[in-house]
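1. this one's sequence-less:
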């Protein structure tokens with residue numbers, strides 16, 4: 001049993017507690033679907049960063065600095081690439097960027113990737129922004145660059161249009177990426193093929209510690225067994241969330257036991273001697 005202030009394998013550390021029963025899963029999934037955003041924002045006309053007036057960004061969604069270096073846009077905000085560039089100017093010490101529930105088109109995603117590189121962000125959250133497989137490919141390519149080597153947490157929850165095809169691009173990045181410690185695809189369109197691609201990457205990856213695949217309703221025991229096999233090789237992953245998937249409870253328990261076992265000589269969450 002984990003304490004409330006300690007991440008458990010049933011939920012991402014960056015989220016509120018997730019449902020643990022099938023009925024709770026369905027209620028949560030339905031609520032997320034009803035509030036999901038779609039990428040409809042226009043990119044706007046080109047303009048030099050230094051010439052961007054404050055009003056242009058604020059008219060597309062209020063940005064808030066919730067704590068030092070942590071920038072969040074309000075839920076449902078529509079932004080554009082110029083607005084995101086202005087955000088970088090306004091917050092020169094930005095360390096984390098949260099755009100969950102905003103309206104994000106592809107030009108905005110490219111501008112966001114540029115922010116990750118230029119500002120050396122450590123955390124990026126893009127939950128429920130309507131990302132598709134092309135967006136996943138863009139993020140995968142970003143994760144392969146040296147410029148993104150400061151990014152430790154990437155949250156892509158609730159992007160149902162990221163299917164196995166898109167997950168494969170992210171998995172490709174995990175072969176070489178040596179910075180990301182937490183990846184969340186909670187509620188994405190991942191299935192067995194995507195899970196298999198991730199599992200193969202985990203056999204090479206030595207950085208990822210937390211992987212969240214809960215509410216991926218197309219994920220079955222076939223993909224779950226691939227993930228379990230990967231954990232026989234991978235010695236780094238400490239948490240793997242699979243609740244509210246089609247993976248059987250028995251296999252989930254086997255995976256949980258394996259993740260929590262002393263695979264590397266250091267038990268997860270153990271304090272240094």
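-> Sure, I can see it. Please read all numbers here as calculations on a predicted model, not as lab measurements. Numbers count the residues shown, from 1 in each chain.
2. CA atoms for contacts and neighbours, from now on please.
-> Fine.
3. how many other residues sit next to residue 90?
-> For residue 90, the count of nearby residues is 11 (other Cα atoms under 10 Å).
4. separation between it and residue 122?
-> Remark: distance between residue 90 and residue 122 (Cα to Cα, to the nearest Å) = 18 Å.
5. Strands of the stretch 151-273 of the chain, start to end?
-> Secondary structure of the stretch 151-273 of the chain (DSSP state E, counting those that start in this stretch): strands at 153-155, 182-184, 210-212, 239-241.
6. Flag the shaky bits of the stretch 151-273 of the chain, pLDDT-wise.
-> Applying pLDDT under 70 to the stretch 151-273 of the chain flags residues 262-273.
7. In the sheet, which residues pair with residue 96? Tell me.
-> residue 70, residue 123 (DSSP bridges).
8. about what we covered before: so can I have a markdown table of the strands of the stretch 151-273 of the chain showing mean neighbour count?
-> As requested, these are arranged in a markdown table below (neighbours: other Cα atoms under 10 Å):
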| stretch | mean neighbour count |
| --- | --- |
| strand 153-155 | 20 |
| strand 182-184 | 23 |
| strand 210-212 | 23 |
| strand 239-241 | 24 |
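9. I'd like those as a markdown table, with distance to residue 218 appended.
-> Listed next are the strands of the stretch 151-273 of the chain as a markdown table, based on distance: least, Cα to Cα, whole Å:
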| stretch | distance to residue 218 |
| --- | --- |
| strand 153-155 | 19 |
| strand 182-184 | 16 |
| strand 210-212 | 14 |
| strand 239-241 | 15 |
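10. Looking at these, which is nearest to residue 99?
-> strand 153-155 (10.0 Å; Cα to Cα).
11. Please name the strands paired to the closest one in the sheet, noting orientation.
-> strand 123-125 (parallel), strand 182-184 (parallel).
12. Would you mind measuring from the spatially most central residue of the chain to residue 79?
-> Centroid-nearest residue in the chain, with Cα atoms, centre = their mean: residue 155, separated by 2.0 Å. Residue 155 sits 19 Å away from residue 79 when distances are taken as Cα to Cα.
13. Kindly report the same for residue 63.
-> Note on residue 63: its distance to residue 79, by Cα to Cα, is 10 Å.
14. any idea how far the residue nearest to the centre of the chain lies from residue 125?
-> Distance of residue 155 to residue 125, computed by Cα to Cα: 4 Å.
15. Repeat that for residue 82.
-> Applying Cα to Cα to residue 82 and residue 125 gives a distance of 19 Å.
16. Could you do residue 94 as well?
-> Using Cα to Cα, residue 94 is found at 14 Å from residue 125.
17. And residue 178, by the same measure?
-> Counting by Cα to Cα, the gap from residue 178 to residue 125 is 19 Å.
18. pLDDT weak spots in the stretch 1-150 of the chain?
-> Counting by pLDDT under 70, the stretch 1-150 of the chain has low-confidence residues at 1-62.
19. can you pull out the helices in it?
-> Here the stretch 1-150 of the chain has its helices, by DSSP state H, counting those that start in this stretch, at 22-34, 54-58, 81-90, 106-119, 133-143.
20. Residue 168 reaches residue 192, doesn't it?
-> No - counting by Cα atoms under 8 Å, residue 192 is not a contact partner of residue 168; they are 11.1 Å apart.
21. Those two: who's more crowded?
-> When residue 168 is set against residue 192 and neighbours are counted by other Cα under 10 Å, the residue ahead is residue 168, at 24 against 20.
22. dump the residue contacts of the more buried one.
-> 194, 197-198 (Cα atoms under 8 Å, 6 or more residues apart in numbering).
23. Among the residues you listed, which one sits closest to residue 117?
-> After measuring these against residue 117 - Cα to Cα - the closest member comes out as residue 198, at 24.0 Å.
24. Nearest residue to the closest one in space, please, no chain neighbours.
-> Take residue 198 and drop its neighbours on the chain: the residue closest to it by Cα to Cα, 6 or more residues apart in numbering is residue 171, 4.9 Å away.
25. Am I right that residue 78 is in contact with residue 105?
-> No - if you go by Cα under 8 Å, residue 78 and residue 105 don't touch, sitting 9.4 Å apart.
26. Which one of these two is surrounded by more residues?
-> When residue 78 and residue 105 are compared on other Cα under 10 Å, the one with more neighbours turns out to be residue 78, at 26 against 22.
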